[in-house]
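Colleague: Okay, here's the prediction I keep looking at, along with the sequence it came from:
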Amino acid sequence: MPVKYNPQEIEKKWQQRWAEDRLYEVSENDSRPKWYALTMFPYTSGDLHIGHWYATAPSDVHARFKRMQGYNVLHPMGFDAFGLPAENAAISRGIHPFTWTMQNIDNMRRQLKSIGAIYDWSREVITCLPEYYKWTQWFFLKLYQNGLAYRGKAPVNWCPHCQTVLANEQVVEGFCERCGAAVSRRDLAQWFFRITKYADELMQHNGIDWPERIKLMQRNWVGKSQGTEISFALDHPGVDGKEIRVFTTRPDTIFGVTFMVLAPEHPLVAELVSTEKRAEVEDYIARSQRQTEIERLSTEKEKDGVFIGAYVVNRLNQEKVPIWIADYVLMGYGTGAVMGVPAHDQRDFDFAKKYNLPIRLVIAPPGWQEVELKEAYTEPGIMVNSVNFSGLPSQQGIEAISNFLEEKGWGKRMVTYRIRDWLISRQRYWGAPIPMIYCPNCGIVPVPEPDLPVLLPEDAEFKPIGESPLKYCEQFVNTTCPQCSAPAKRETDTMDTFMCSSWYLLRYASPNCDTAPFDADKLRYWLPVDLYTGGAEHAVMHLLYARFFIKALRDMGLVDFDEPFTRLFNQGVIIVERQKMSKSRGNVITPDEYVSELGADAVRAYLMFVAPWEKGGEWDDSGISGVSRWLNRVWNLVLEKYNPEYNPKDESKGHRELREKMEKDLTRIAHQTIRKVTEDMEKLRFNTMIATLMGFTGHLAKVKEARTISLSVWSEFIKTLLLLLAPTAPHLAEELWQRTGHEYSIHNQSWPECDEALARDEEITLVVQVNGKLRDRIMVSASITEAEARQMALERQRVKAYLEGKEIADIIYVPGRLVNLVVR
RNA sequence: GCCGGGGUGGCGGAAUAGGCAGACGCAGCGGACUUAAAAUCCGCCGGAGCAAUCCUUGUGGGUUCGAGUCCCACCCUCGGCACCA
């Protein structure tokens, strides 16, 4: 009996050996083609749970596969280390965010190492270290210099619990994405990135292999909308503006306008409001500002608003139209003003009903009998009540009205987007300080590059008061103006952590470069990322921001590619009791106990086997024993001596024929296995890959039992099995590789190649159907002709019974598969 | 409400140019080994039926020689967006 499989022992041993030998450190001086395989780096929450393994283990398997295929593989790992939880720990437990974060990193690094991945730890990146965030700040300055960062006052999303503003993407159904508190609105001066400049390009996903679902989500998020901007004439004493512009996708309904609605925040409201309406209007504005996002966005809520005592004129028919304000009109979209067409827009319809405003039908529904509308008719139709435009179908009407407006100079075709600029200011300590200075003489002055990084002070006080702790840190705030040397104040907000993760992929190319964010040559060598894997929850935030970043850098001439991630794959989510795993829910499953009981190889393989990678699912450890048993079988299969029963010197003819047949069968099955495993690896279909390897193991066990084939053929295919297993169970494969007398390391071997000639089936199962129902199966030569197949099918006893007294109407033949006899 | 993914044995899941439904595993049942148990190995394992056979991929229709796979309608479920003018 060979020694027992002891995963703990061999895993520890090989991890040490690989680290000592720096087996997985990579360099750019390499003749092999490069492959950059990146897994989204984890946030430093403290512990790695099984969900982290689900993200990292399969991507390591694929990276190892590419490595064996002859690529120079960069597969780095690091930590997304700035963010709120660290600061909350400081507030609640008095631990400094830096200490908290670095302790967590130490633990997580240890856990990550236990996976046995090919991470090149010499390239580790940690975003909260000054060597890193110096360059985060540098990129901020670049964006500023290129007009892509600006300071603007805007109504922003405010989370009262986190005590900071949030980007639109971080507000989920009116609640804070992070803590779940109801978000309210505040008017604050904040820093923004002009992501809207790239809106069009961000909707395109040219030349990249991404899931359709994610591309669609991004397109919906950008939300491009073609329409027409229309000017309504304004003649109001004491107001300079002579028009109000609205945006509409339905200019064909312009003759149905019976009122105009402005957003409560619209700048013209204060100027236009009449004296007698002023109190009512101001009250309405105050009320709508106090509302939280959920109250305001509630679809249940009845639409309400206030007439402001002023009018505009619809230039097409010279009608005087009353101006209202209502919070269903959003300042941030279009022009912050809409024309009210109650007959053809449900919101306008509800509004008109409530305030008894006229509803004028201008698009006739098919077969309309001049009855009163019960709801808005929003489909296309034929224009009516529209003077000389009447009779046109909607689509032509849209074109005709737009042309007419453009000719008259009363409007123009335009495109609007749902996406807003990216708000990056956070009123918190644990982030990269925004490198800006406010000087009483010079205004906003960027910190000069040589003065970077703007370091976080170590002795800030952490109080949950809604302002950055930096604001009360005098030695941080007080500085001098880089331009005029007058006393000046630093910006005390820090950057959204998505800023840090927008460029980390670049840092891995040259993590220790201290003269620039990256070494341009190394960047050119490694980037873009060939395969990026991670959770779909980042579909519209991180992935959109990173794409924006790369496009901005490209336009600055800093990088020469358009897209950061050539191929994207989103693994599914592992849930527990129908909920996502998270520390706050207290339903975290840690891999450590499984690793110490069954070994990392078993956990790796089980996670891949349990479901298709993109699917994920409920965590259930009942099946892990099956995978563990399989690895044990592999161990015994390889190490228990193979004793062929024949003597090569005087083999009988009969035995030789049997042996050759079995060797041929094994060879064929081995090559079919290579083909299937390789295909599944490429498609990241790990569950069926493992099933295939299990099947191959089973076949080898039967062959061993028969003791017929030669030792050399046996050894050859045991070697194949180990090579195919190496990415999945790297420790086990390495140990068995060594114990079968091969030279260290299996992980430097080439991936086996399928020989199609050897993989070809010589015999196939021909299915015989009668009227589409399975009636018989025949083993036939793969080279069977159609005539032979028909003949054989008709002669089968089992089939004849079904043909009795019937007439054969047709015979369908599918080569290599079946014969279907159609009878009547 | 709109957009997208998905519904297959007791369970996780296989099967896509439309061609053998249930690969591979878990659980279960039976057997071998053992004083016994564990481990391991072998066999069975969608449902009904003594059987021939029939039924079976969320539901109902359709196309086809043939449908888990294509089309129409509906139900359930997961994810995204949600007053976007």
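Modeller: Cool, the structure landed. Numbering: from 1, shown residues only, chains lettered A, B, ... in the order given.
Colleague: Roughly how far does the residue of chain A most remote from its centre sit from RNA strand B?
Modeller: Relative to the mean C-alpha coordinate of chain A, counting by Cα atoms, centre = their mean, the farthest residue is A:Asp650 (64.2 Å). Applying Cβ to the nearest atom of the strand, to the nearest Å, the value for A:Asp650 to RNA strand B is 31 Å. Backbone N, C-alpha and C define where each C-beta goes, glycine included.
Colleague: Could I get the buried residue list for the longest helix seen in chain A?
Modeller: Secondary structure assigned by DSSP state H gives helix A:653-682 as the longest helix of chain A. Under the neighbour-count criterion of 16 or more other Cβ atoms under 10 Å, helix A:653-682 has A:658-659, A:662-663, A:666-678, A:680-681 buried.
Colleague: need the next SSE after that helix, C-terminal direction.
Modeller: helix A:686-706 (DSSP states H and E).
Colleague: what about the longest helix of chain A, average pLDDT?
Modeller: Helix A:653-682 shows a mean pLDDT of 95.
Colleague: do stretch A:41-52 as well
Modeller: For stretch A:41-52, mean pLDDT rounds to 93.
Colleague: again, but for stretch A:551-566
Modeller: Per-residue scores along stretch A:551-566 average to 97.
Colleague: Tell me which residues are up against it.
Modeller: Applying Cβ atoms under 8 Å, 6 or more residues apart in numbering, the contact partners of stretch A:551-566 are A:38, A:139, A:142-143, A:146, A:148, A:198, A:201-202, A:205-210, A:505-506, A:523-524, A:527-532, A:543, A:546-547, A:549-550.
Colleague: That stretch spans what distance, first to last residue?
Modeller: 14 Å (Cα to Cα, to the nearest Å).
Colleague: do the same with stretch A:769-784
Modeller: Stretch A:769-784 end-to-end distance (Cα to Cα) = 17 Å.
Colleague: Let me know the helix or strand that the spatially closest residue to A:Ala149 that is not a sequence neighbour is in.
Modeller: The spatial neighbour of A:Ala149 that comes closest, neighbours along the chain excluded (Cβ to Cβ, 6 or more residues apart in numbering), is A:Leu143 at 4.2 Å. For A:Leu143, the host element (DSSP H and E) is helix A:130-145.
Colleague: Which SSE is immediately downstream of that helix?
Modeller: strand A:149-159.
Colleague: Just the closest residue of the stretch 651-800 of chain A to RNA strand B, please.
Modeller: A:Gly772 (2.6 Å; Cβ to the nearest atom of the strand).
Colleague: shouldn't that residue be in contact with A:Leu821?
Modeller: No - here A:Gly772 does not reach A:Leu821: they are 9.7 Å apart, not a contact under Cβ atoms under 8 Å.
Colleague: Looking at those two, which one has more neighbours?
Modeller: A:Leu821 (22 against 10; other Cβ atoms under 10 Å).
Colleague: With A:Leu423 as the reference, measure out to A:Tyr333.
Modeller: Applying Cβ to Cβ, to the nearest Å, the value for A:Tyr333 to A:Leu423 is 16 Å.
Colleague: Comparing those two, which residue is more hemmed in?
Modeller: Ranked by neighbour count (other Cβ under 10 Å), A:Tyr333 and A:Leu423 place A:Leu423 first, with 22 against 16.
Colleague: Grab the nearest non-local neighbour of that one.
Modeller: Closest to A:Leu423 by Cβ to Cβ, 6+ apart is A:Ala167, at 4.9 Å.
Colleague: can you pull the contacts of that neighbour?
Modeller: Residues near A:Ala167 by Cβ under 8 Å, 6+ apart: A:157, A:422-424, A:496, A:498, A:541.
Colleague: Now, those residues that are in strands?
Modeller: Counting by DSSP state E, the part of those found in strands is A:157, A:422-423.
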